[in-house]
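Participant: mind looking at a prediction? Sequence and model below.
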Amino acid sequence: MAAYAALLSLKYIIQQIQNHPRPPISLDQNQVDSLTKSVNFLQDFLEGYSYGSREAVEVLESRIKDAALAAEDLIETRVVDQILIGERISSSDFHQDLEMVIQDMGFIKKDVMEIKDNNIGIIEHHLHRNSSTHGGASSSSSPSTRQNAMVGFDDLLIEVMDKLTERQSNLRIIPIIGMGGIGKTTLARNVYAKPLIMHHFDVRAWVSISQNYNVQDILVEILLCINKDESREILSGMSEGELGERVHKSLYGRRYLIVLDDIWSAEAWDKVDRFFPYNGQGSRIMITTRLSDVASIGSHGVVMDFLNEDKSWDLLCRYVFEEEEDCPPELEEIGKKIAKNCEGLPLSIVVIGGHLAKSKRTREHWKYISENTNTIVNLEDNERCLKVLQLSYNHLPVHLKPCFLYMGVFPEDKKIRVSWLVKLWVSEGFVKPINGKSLEVVSREYLQELCDRNLVLVHKRGSNGNIKFCNIHDLLRDLCLRKAESEKFLYIRRPHEFTIPQGINTQRRIGIHQSMSEKDYHRDPILHTLQYVPLVRSLVCNFEERLPLLDFRLLRVLKVDDKKLLNDNNRQYEYSVEVVFRLVNLRFIAIRSDWPKSSGFPASVNLLWNLQTLIVNGPWGVVAPCEIWNLTQLKHVHFNELELPDPPIGGKDDKFVLGNLHTLTHIRNFKCGEEVVKRIPNINKLQIFYFEKPQGLLSYCLDNLGHLHKLESLRFSYYSLKKPSQNDLVQNFILPKSLKKLTLMRTCLKWEDMNTKIGLLPNLQVLKLKRNSFVGTEWETVEGQFCNLKFLLIQECSDLECWTTDNNHFPHLEHLQLHYLNKLKEIPSCIGEISTLQSIQLKWCSDEVVISAKEILKEQEDFGNVGLRVQVFDE
């Protein structure tokens, strides 16, 4: 919600100024205290009433947002003026203007207190009344066959039926988990109505729970299902305890199946659990839920995934055509495209199928549908699909709503790099601080919670198991954009939009995207639009041409680069760093640079008082100015090639420590001297590479890496025209015990060095040994090392012929990858005996290695271990 995001953002700005070692402006402490007190009060109010939708609350939310943004504008304008030109407005004027905003917040606070004191009953009544539209608790009538069609989930249906009927006498809870519209209820209904299930259980009951449940209503519906002669009127007059006792007695001694459909909280289960007897009769409770934490109350769950293209087409045909009717050949190609556009979501397919069933079956009409699938799905059947998905949004805690709405800023069907996403959320000020945790850690927890609620999808995990890429279903993205635009939280400029939207001058976040097929995406209307956004704070672009940055003096986020463009030499993507660095309010920069080869970037980077993330890609390496050591708020730095200067010693800048710096990537010839280590005490991720120099490399003090006690991820590469000797760069190579992930390339260590330099690292989980990182024909491991290693890659260590090990040398190994090892004779058979091993992946290895991997797989299958996967790639 926009109001909550505005409060968080304002609070974050105040804290940044207050805690900055060189604050660009000073704030009156009395005003800070008053403002902070009001912000905290209003934040608590929104956290408590985030799901209320009564008109008075909505008006208050709008007032809260406007007041917080007004304060934000005053403070950030003052900061920018002070940095660029000294003084534009007097301190007294700024003080008076801020005082007026504080008074306005005081009035809002007073109105909120009146609502909390006097109208809480009205809000509760509203919520109770609203619950009837979502279903408080109701038993289910049997839907028509067409509405309840089950296509594409036959295997899951059999799996659930097996779980319900297996010979296990204890009561079992079986969750069905998946995003809204995935078909959880349909699957449960089909299982519930199967004759086998009807005969297996003595008694069955189905209750729809929904978000706003009532325990008494749930118990009444169960009793009505158990005994059709019961009177709803009489049951409704009983207390919760009386109803619960009656349910318990009715079920005791009988094999029962209870379905709790659409359950939204573990608390709902906790309140009814005690009424279900654990009677050893083989009873089952089946729940459907969108939330992973709710599913954890059971241990035999079923996760529903999207349909593939073939199954999507089958389901669409079921809804469009009668059973005996086939799709006309001239419509089949377009029909399959429509099915594909639904991205495997059954509800979307059902809704569009209902529309097609009622409309004319012409190629022209179906082509129109294929080009406008999402729009029609959202509007069809009284916005049925949108309403189902919006329930998930309504149920979100208020702190997650801004993060979810922000997902709409990314292009449709875009794989979203999580490392960038969490940085953007932090830079936008969406993340609420939690003591003892960095904002990035909290941000990742937010993402995990959105994934657990099936609103954000995990696309790919990294070698350490963390989410590397995520995405969002197109219909959920449409929901994001609808909500975001209605609250003026975010504006996405769409193709073929030639008019300037109303209220564009107040927009804070703007996204401009262009797909490769949009040849007629005109530049001039976009430039025209950008002339009317003086208050814009975020500009996220995916556009073929460089956009002029105009007068975006308050801009915080500039993301106009995409990693897929790294090797694209089209210079029209590139931005001038001199122009970018004049936007002194920036916190997040991701651009492609236009600087020439071997140049540095300007010392004006020193003006970026609150810069946190600096991502600059370009064809050449650059040398940073000494002023980079003054950027005390800097957290993440990424360049194609960046050479850091020595930190200043003595003078006014000597005291600055980059205590917030978390990531340094692609740093060339990194000098790890004592002064550097002292300046970056909290570095967590470091990627460094070295080029051979005539004077040698012993001066680079790599023994000091061991003093980086917070370092968890290190990538170390060496480039030379000839192989370096052991006495060159890595002679004093010492690694910190904090390391969890290590990647080495061209270091030419000897396999014997593994025991002294790497094997004893107590926290190491991921080890990637790339091209000539180790040399020699034999690697023999020893016991007591690699105690926590989960992922091992050996790639292009071309000398390796023999690997001698034992299964207890890698006690926690989960994934083994061997690439381009044409001399290796075999994988030790004992590797298959590692109980945690999940996969072996081979790429261009010797035939002997492939044979040994297949033998390991067969041996494990003979032992009943069916969880191991072996992948072989020869191309």
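Facilitator: Received the coordinates, thanks. Numbering: from 1, shown residues only.
Participant: burial check on the residue lying closest to residue 844 once chain neighbours are set aside, number of neighbours?
Facilitator: Counting by C-beta to C-beta, 6 or more residues apart in numbering, the nearest residue to residue 844 once its immediate chain neighbours are dropped is residue 820, at 4.9 Å. C-beta: built from backbone N, CA, C; applies to glycine. A count of neighbours around residue 820, defined by other C-beta atoms under 10 Å, yields 16.
Participant: so residue 820 is in contact with residue 845, correct?
Facilitator: Yes: Residue 820 sits in contact with residue 845 when judged by C-beta atoms under 8 Å, with a separation of 7.3 Å.
Participant: just to revisit the earlier point, any idea how far the residue nearest to residue 844 is from residue 800?
Facilitator: For residue 820, the distance to residue 800 (C-beta to C-beta, to the nearest Å) stands at 10 Å.
Participant: residue 224 reaches residue 235, doesn't it?
Facilitator: Yes: checked against C-beta under 8 Å, the pair residue 224 and residue 235 is within contact range at 7.2 Å.
Participant: give me the common contacts of these two.
Facilitator: Common contact partners of residue 224 and residue 235 (C-beta atoms under 8 Å, 6 or more residues apart in numbering): none.
Participant: might you report the residue contacts of residue 226?
Facilitator: Residues 203, 205, 247, 250-251 are the ones in contact with residue 226 under the rule C-beta under 8 Å, 6+ apart.
Participant: let's see 7 Å
Facilitator: With C-beta atoms under 7 Å, 6 or more residues apart in numbering as the criterion, the residues that contact residue 226 are 203, 205, 250.
Participant: give me the element the last one is part of.
Facilitator: Yep, that's residue 250 we're talking about. Using DSSP states H and E, the element containing residue 250 is helix 240-251.
Participant: how far off centre is that helix?
Facilitator: 43 Å (C-alpha atoms, centre = their mean, to the nearest Å).
Participant: which other helices and strands does it contact?
Facilitator: Helices and strands touching helix 240-251, by 3 or more C-beta pairs under 7 Å, 6 or more residues apart in numbering; DSSP states H and E, are helix 215-226.
Participant: how about the helix it packs on as CSV, C-alpha atoms only?
Facilitator: In CSV, the C-alpha atoms belonging to helix 215-226 read as follows (Å, rounded to 0.1, in the frame of the first residue of the first chain):
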residue,chain,number,x,y,z
VAL,A,215,-15.1,-21.5,14.4
GLN,A,216,-18.8,-22.0,15.2
ASP,A,217,-19.7,-21.8,11.5
ILE,A,218,-17.1,-24.4,10.7
LEU,A,219,-18.4,-26.8,13.3
VAL,A,220,-22.0,-26.3,12.1
GLU,A,221,-21.1,-27.1,8.5
ILE,A,222,-19.3,-30.2,9.6
LEU,A,223,-22.3,-31.4,11.6
LEU,A,224,-24.6,-30.6,8.7
CYS,A,225,-22.4,-32.8,6.3
ILE,A,226,-22.3,-35.6,8.8
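Participant: pLDDT of it, averaged?
Facilitator: Over the span of helix 215-226, the pLDDT mean works out to 91.
Participant: and the next element down the chain from that helix?
Facilitator: Beyond helix 215-226 on the C-terminal side, the first helix or strand identified by DSSP H and E is helix 232-236.
Participant: show me the contact partners of that following helix.
Facilitator: With C-beta under 7 Å, 6+ apart as the test, helix 232-236 has contacts from 220, 223-224, 243.
Participant: next one: stretch 437-456
Facilitator: Applying C-beta under 7 Å, 6+ apart, the external contacts of stretch 437-456 come out as 178-179, 290-293, 392, 400, 403-404, 407, 418, 421-422, 425-426, 431, 433-434, 458, 467, 470, 472, 476, 662.
Participant: ChimeraX command to pick out the buried ones of those residues?
Facilitator: Typed into ChimeraX, the next command selects the buried ones out of the contacts of stretch 437-456 (criterion: 16 or more other C-beta atoms under 10 Å):
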select :178,179,290,291,292,392,400,403,404,407,418,421,422,425,426,431,467,470,472,476,662
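Participant: which ones among the contacts of stretch 437-456 map onto helices?
Facilitator: Residues of these located in helices (DSSP state H): 292-293, 392, 403-404, 418, 421-422, 425-426, 476.
Participant: ok, so of these, who is nearest residue 756?
Facilitator: Compare each of the ones in helices among the contacts of stretch 437-456 with residue 756 using C-beta to C-beta and the shortest gap goes to residue 418, at 35.0 Å.
Participant: show me the helices in the stretch 201-350 of the chain, by range?
Facilitator: In chain order, the stretch 201-350 of the chain shows helices spanning 215-226, 232-236, 240-251, 266-273, 292-295, 309-320, 329-341, 346-358, with DSSP state H, counting those that start in this stretch as the criterion.
Participant: who wins for proximity to residue 625 among those helices?
Facilitator: helix 292-295 (47.4 Å).
Participant: for residue 587, which residues are in contact?
Facilitator: 427, 556-557, 610-612.
Participant: what's the first helix or strand after the helix-or-strand element of the chain with minimal mean pLDDT?
Facilitator: In the chain, the helix or strand scored least confidently by mean pLDDT, DSSP states H and E is helix 120-134, which has a mean of 39. The helix or strand immediately downstream of helix 120-134 is helix 154-165, counting by DSSP H and E.
Participant: that following helix vs helix 309-320, what angle?
Facilitator: Per axes from the mean of the first three to the mean of the last three C-alpha atoms, to 10 degrees, the angle that helix 154-165 makes with helix 309-320 is 90 degrees.
Participant: pull out the buried positions in helix 154-165.
Facilitator: Under the neighbour-count criterion of 16+ other C-beta under 10 Å, helix 154-165 has 156-157, 159-161, 163-165 buried.
Participant: reformat the residues you listed as JSON lines; add pLDDT and distance to residue 447.
Facilitator: JSON lines is the format used below for the buried residues of helix 154-165 (pLDDT from 0 to 100; distance: C-beta to C-beta, whole Å):
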{"residue": "156", "pLDDT": "89", "distance to residue 447": "27"}
{"residue": "157", "pLDDT": "91", "distance to residue 447": "32"}
{"residue": "159", "pLDDT": "91", "distance to residue 447": "29"}
{"residue": "160", "pLDDT": "92", "distance to residue 447": "30"}
{"residue": "161", "pLDDT": "93", "distance to residue 447": "35"}
{"residue": "163", "pLDDT": "91", "distance to residue 447": "31"}
{"residue": "164", "pLDDT": "92", "distance to residue 447": "34"}
{"residue": "165", "pLDDT": "92", "distance to residue 447": "38"}
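Participant: out of the residues you listed, who's nearest residue 116?
Facilitator: Relative to residue 116, the closest of those is residue 160; by C-beta to C-beta it sits at 45.6 Å.
Participant: what's the nearest residue to the closest one if we skip its chain neighbours?
Facilitator: Closest residue to residue 160 in three dimensions, ignoring its sequence neighbours and counting by C-beta to C-beta, 6+ apart: residue 191, at 5.0 Å.
Participant: which ones are touching residue 593?
Facilitator: Listed by C-beta under 7 Å, 6+ apart, the contact partners of residue 593 are 574-575, 577, 616, 618.
Participant: roughly how far apart are it and residue 834?
Facilitator: Relative to residue 834, residue 593 is positioned 46 Å away (criterion: C-beta to C-beta).
Participant: does anything pack onto the longest helix seen in the chain? Which helices or strands?
Facilitator: Under DSSP H, the helix in the chain containing the largest number of residues is helix 55-85. Taking 3+ C-beta pairs under 7 Å, 6+ apart as contact, the helices and strands that helix 55-85 lies on are helix 2-19, helix 91-118.
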